[in-house]
Structures are given as C-alpha cells and as structure tokens.
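**Student:** Sharing a sequence plus its predicted fold:
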Amino acid sequence: MRELVVLGSTGSIGRQTLEVVQLFPERFRVKGLAAGKNWKLLREQVLSFRPEAVALAGEEEARLLAESLPPEFRPSIFWGEEGLEHLASWPGTDTVLVAVTGAAGWKPTLAAIKAGKRIALANKETLVVAGEIVVREAQRRGTPILPVDSEHAAIWQCLEGRKGVKRIILTASGGPFREYSLEELAKVRPAEALRHPTWRMGPKITVDSATLMNKGLEVIEAHWLFGLEYDKIKVLIHPQSIVHGLVEFIDGTWLGAMSVTDMRLPILYALSYPERMATELFPLDLARVGTLTFTEPDYERFPCLGLAIEAGKIGGTMPAVLNAANEVAVAAFLEERLPFLGIPAVVEEVMRRHQVVKDLSLEAIEEADAWARKEAEALIKRWG
Ligand SMILES: NC(=O)C1=CN([C@@H]2O[C@H](COP(=O)(O)OP(=O)(O)OC[C@H]3O[C@@H](n4cnc5c(N)ncnc54)[C@H](OP(=O)(O)O)[C@@H]3O)[C@@H](O)[C@H]2O)C=CC1
Ligand SMILES: CC(=O)[C@@H](O)[C@H](O)COP(=O)(O)O
Ligand SMILES: [Mn+2]
C-alpha cells in the first residue's frame, strides 16, 4: 500500500490523481491533501478520502473548511507556505505527488525530499526554479524524483537502464495557434488560448502551451531530471500528441513512448513504479489515429521556447527569473491586461535586466523571483 500526500489536489492533475487512487484502492491510500483557495472542493475530497491532514493557502479558507466539517471527519488543518511544507513531510507517508502550479511547488518538494519521501513530480516549475538544489538534495539522499509530466514520463520509460543515448526529443502539440501568423497571434484572446487542441489542463499551463513556454520549461525540466546538456535535448512539433517523448541512441535507433492523451496514465505509472498496473482504461487505436506528423518548432512566432532554453543555458537565477516573469505575464494576459505577444516581450525584457547570480542558494532564488515579479508588473502597467 502506498501512503500518499497530494499537493494541489483540487487542480487538474490533483483531481486525476484522486481518480487513480479510487481506481486502485487496494494499492493507494491518501493521507494528506493540500489545495490553494478551493476549500469547498477540498471539503468534498476530505469526506471521500478521510486524510489525516490537509492544508490550504490562506488562514481564512482553513477556518471555513474547519467550520464546515463535522468533528468526526475533521483532519489536522494547516495553512500558508508552512502548511504546505508540513503536509509535504507528513509522517507515515511514502510518496508526495506535487501538483500545485507555478513556483509554489519548489519549497514543499524540497521539504518532502528532506523528509525522505518519494516525489511524483507534475510541477515542472520546481525544476525550472530550483533544479540544481532540488536534484542535488535528492541525489544526496537517494530520493527518487519520478516524472509525471507526460513527455518526461515517456522519456524516462524509454531510457530505463539503457546506455548509448545520443539525445532526447520532447514532443509539443504546438498549441491552439500552431499555424497562426504573427499578425493573428497579436489579436488572440484568453478564451482562444485556453482551448488546447489535445489536453484538458489548468489555465496557466494551457497558456504556456499556446506560447510554447511550456515546452521551454520542459526542456529545463528534462535537463535536471535526466542530467543531459541542452544540446542533447530537442523539441519537435507533433500535433496529434500520441508520441510523448523519444530517445535517439548513438547507433541510430530511436525509442518512443505512445499513449492516448490521458494524464491518469503517467500519474498511475509514477505512483506504482517500479510496478506496472494492468488496466484497460487507456486503449490506443493507432489505425484510427492514422497519421503521426513531426515538424521543427518556429522560434520566431513562439519566442518563449528560445527564451526558456537560453535561461536554462545561462543557469543560476535566470530560470527562476524567466519563470516568475512568465507567471506574472500569463496572469496579466488572462486578465486581459497584456496582449498574447506581450508575454514573450515581458519575459525577454525582465531577463535582459537581470543580473544573474550563478552561485544558487534558496535566498538567491527567492530574491530573484520577487525582483522579477516586480519588474514584470511594472512593465505590464506601462504597457497600456
Ligand atoms: N494539467 C496537466 O495535464 C499537466 C500539468 N502539469 C503541471 O502540473 C502542475 C499543476 O497543473 P494543473 O493541475 O493543470 O493546474 P491547476 O491550475 O488545475 O491546479 C493547480 C493546483 O494547485 C493549487 N495551488 C495553486 N497555488 C497554490 C498555493 N500557493 N498553495 C497551495 N496550493 C496551490 C490549486 O489550488 P486551488 O485550485 O484550490 O486554488 C490547485 O489545486 C503545473 O505545474 C503544471 O505545469 C504537467 C503536465 C500536465
Ligand atoms: C500533458 C502534458 O504533459 C502537458 O505538458 C502537455 O504536453 C501540454 O501540451 P503541449 O505539448 O501543447 O505543451
Ligand atoms: Mn508536458
């Protein structure tokens, strides 16, 4: 039996994780749940899963949750950053699935690693912001970081135990604007950006897919997960989203992993690893898919991809700055305070102004993150 903590249980990945738990109740038990603001959904989850402890982002939401639960159903309730870290290191649990969104993920992930938990990692921003520190700590303690992100889960399965890797290839759907001109991109609205062609996900990652920032973040994620230099990580546009990741070996052999677009599958694999669970839930009919296509990405129409790779190569605090500026710009785009093409423009300008700290520390990350958010907000204010 795996005893789990799910951070971000009210989100897209969190809810799908709980579906996986319900499918295999003899294998997985939920001991802790953490969410941001949605205390009403967390309440439903508490009643269904009866965790020992929960956390919410704010004290007020934590109070509302406590008051809404009958005493016999009431778990220990925490809040704030500390609450999240408390849940991440909850005693008697072995695996923490990190599915909060954005930079909120890296500190609880580090806390979970320090407490000796296996990490099932959906929150790619953890490795973007603090990959060097998080991976070093996990290696020092022998704690596995198991990828949930679909491309990395695919590549992980292709790599397992194999030698002679030449490079890895992350596929990208290309997002809803794959064939748009720059003139068309200038006019797109949030509702269009939120219509992903192949996946149903939370709003931030869906906008990142539309700008290709998601793939850029995933290149940095792959660099840290697999210990590969950036020139060994390639991106290909694959609109069908059937092949999630590929590995090219030194003799010219390629291995790829395919599946339907259902995140419950990589979640299940990360939770059950090293076992593979038998299920008929994810049938793939390649004859019905018919055609699989692959093309090179366009770095001019989608500059976020290149900016992320550049930030990854520079290293130090630059990826944290890229991530923070992007989070602020995406939020402003969703609130219609910034046009779609303003997202790469803001990220690029904040990166240009940043003085990189190469010797990474927790304090340096926090300082760079806060600085980048302020710079990005100031640029957006002046935009209109
Ligand atoms: N969705 C997908 O298919 C995929 C997602 N990922 C990655 O997984 C992560 C989650 O994505 P997704 O599920 O789509 O996102 P959602 O926006 O759907 O969910 C985010 C979750 O994080 C919680 N949350 C946000 N901020 C905080 C905070 N400060 N403290 C505690 N909890 C917080 C939210 O709580 P609440 O709603 O209660 O406020 C919610 O439960 C992202 O890093 C994303 O890149 C990776 C691959 C695929
Ligand atoms: C499901 C998943 O892993 C997402 O990261 C997905 O890959 C996003 O789609 P894009 O390929 O469009 O970025
Ligand atoms: Mn992905």
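**Tutor:** Done, it's in. Ligands and ions are numbered 1, 2, ... in the order given.

**Student:** and this structure, which residues reach ligand 2?
**Tutor:** Counting by C-beta under 6 Å from any ligand atom, the chain comes close to ligand 2 at 149-151, 172-173, 175, 199, 209, 214-215, 263. Backbone N, C-alpha and C define where each C-beta goes, glycine included.

**Student:** Mind doing that once more with 8 Å?
**Tutor:** When proximity is defined by C-beta under 8 Å from any ligand atom, the chain lies next to ligand 2 at 124, 149-151, 171-175, 196-199, 201, 205-206, 208-210, 212, 214-215, 218, 238, 241, 244, 261, 263, 266.

**Student:** out of these, who's near ligand 3?
**Tutor:** With the criterion set as C-beta under 5 Å from the ion, the members of the residues of the chain next to ligand 2 near ligand 3 are 149-151.

**Student:** Let me know the closest of those to ligand 2.
**Tutor:** When those are compared for distance to ligand 2, the smallest value, 3.4 Å, is given by residue 150; criterion: C-beta to the nearest ligand atom.

**Student:** Low-confidence stretches in this structure?
**Tutor:** Counting by pLDDT under 70, the chain contains no low-confidence residues.

**Student:** Closest approach to ligand 3 from the stretch 1-150 of the chain, which residue is it?
**Tutor:** The shortest separation between the stretch 1-150 of the chain and ligand 3 is 4.3 Å, found at residue 149 (distances taken as C-beta to the ion).

**Student:** State the number of residues packed around the single nearest residue of the stretch 251-384 of the chain relative to ligand 2.
**Tutor:** With C-beta to the nearest ligand atom, the shortest gap between the stretch 251-384 of the chain and ligand 2 falls at residue 263, namely 5.6 Å. The number of residues packed around residue 263, counting by other C-beta atoms under 10 Å, is 23.

**Student:** wait, isn't it in contact with residue 14?
**Tutor:** No: here residue 263 does not reach residue 14: they are 10.7 Å apart, not a contact under C-beta atoms under 8 Å.

**Student:** Report the residue ranges of every domain in this structure.
**Tutor:** 2-147, 152-381 (the TED database).

**Student:** sorry, back to before: identify the residues contacting the residue of the stretch 251-384 of the chain closest to ligand 2.
**Tutor:** With contacts defined as C-beta atoms under 8 Å, 6 or more residues apart in numbering, the neighbours of residue 263 are 12-13, 16, 148, 150, 199, 201.

**Student:** Which members of those occur in helices, if any?
**Tutor:** When helices are assigned by DSSP state H, the members of the contacts of residue 263 inside them are 12-13, 16, 150.

**Student:** Among those, which one has the most neighbours?
**Tutor:** The most neighbours of any of the ones in helices among the contacts of residue 263, using other C-beta under 10 Å, belong to residue 13, which has 28 neighbours.

**Student:** What about the nearest residue to that residue once chain neighbours are set aside, how many residues nearby?
**Tutor:** Distances taken as C-beta to C-beta, 6 or more residues apart in numbering place residue 99 nearest to residue 13, at 3.7 Å, with adjacent residues excluded. Neighbours of residue 99 under the rule other C-beta under 10 Å: 27.

**Student:** cool, residue 342 as well?
**Tutor:** 18.

**Student:** Residue 305 reaches residue 311, doesn't it?
**Tutor:** No: the pair residue 305 and residue 311 does not pass the contact test of C-beta under 8 Å, sitting 11.1 Å apart.

**Student:** any residues in contact with both of these two?
**Tutor:** Residues touching both residue 305 and residue 311 (C-beta under 8 Å, 6+ apart): residue 216.

**Student:** of these two, who's got more company?
**Tutor:** In this view residue 305 and residue 311 are compared by other C-beta under 10 Å, and residue 311 has more residues nearby, 28 against 24.

**Student:** tell me which residues in the helix or strand hosting that one are buried?
**Tutor:** Remark: residue 311 resides in helix 303-314, with elements defined by DSSP states H and E. Along helix 303-314, the positions that meet the burial threshold by neighbour count (16 or more other C-beta atoms under 10 Å) are 303-312, 314.

**Student:** before we move on, what about stretch 177-196?
**Tutor:** Residues of stretch 177-196 classed as buried under the neighbour-count rule (16+ other C-beta under 10 Å) are 177-178, 180, 185, 188, 190, 193-194, 196.

**Student:** can you tell if it touches ligand 1?
**Tutor:** No: in this structure, stretch 177-196 remains apart from ligand 1 according to C-beta under 8 Å from any ligand atom; the gap is never smaller than 9.2 Å.

**Student:** Quick check: end-to-end length of that stretch?
**Tutor:** In stretch 177-196, first residue to last residue: 9 Å (C-alpha to C-alpha, to the nearest Å).

**Student:** Would you map the strands across the chain?
**Tutor:** 2-7, 28-34, 53-56, 76-79, 95-98, 118-121, 145-147, 165-172, 233-237, 243-249, 254-258 (DSSP state E).

**Student:** Could you list the buried residues of the longest one?
**Tutor:** It refers to strand 165-172. Of all the residues in strand 165-172, those buried under the rule 16+ other C-beta under 10 Å are 165, 168-172.

**Student:** Pick the one among those closest to residue 158.
**Tutor:** When these are compared for distance to residue 158, the smallest value, 8.1 Å, is given by residue 168; criterion: C-beta to C-beta.

**Student:** Tell me the bridge partners for that closest one.
**Tutor:** According to DSSP bridges, the residues that bridge with residue 168 are residue 233, residue 247.

**Student:** Surely it touches residue 247?
**Tutor:** Yes: A contact is recorded between residue 168 and residue 247 when judged using C-beta under 8 Å, the distance being 5.3 Å.

**Student:** Which neighbours do those two have in common?
**Tutor:** The contact sets of residue 168 and residue 247 overlap at 155, 159 (C-beta under 8 Å, 6+ apart).

**Student:** and the stretch 201-350 of the chain, which residues reach ligand 1?
**Tutor:** Residues of the stretch 201-350 of the chain lying close to ligand 1 by C-beta under 8 Å from any ligand atom are 201-206, 208, 214, 217, 263.

**Student:** Let's see that with 6 Å instead.
**Tutor:** For the stretch 201-350 of the chain, the residues in contact with ligand 1 under the definition C-beta under 6 Å from any ligand atom are 201-202, 204-205, 263.
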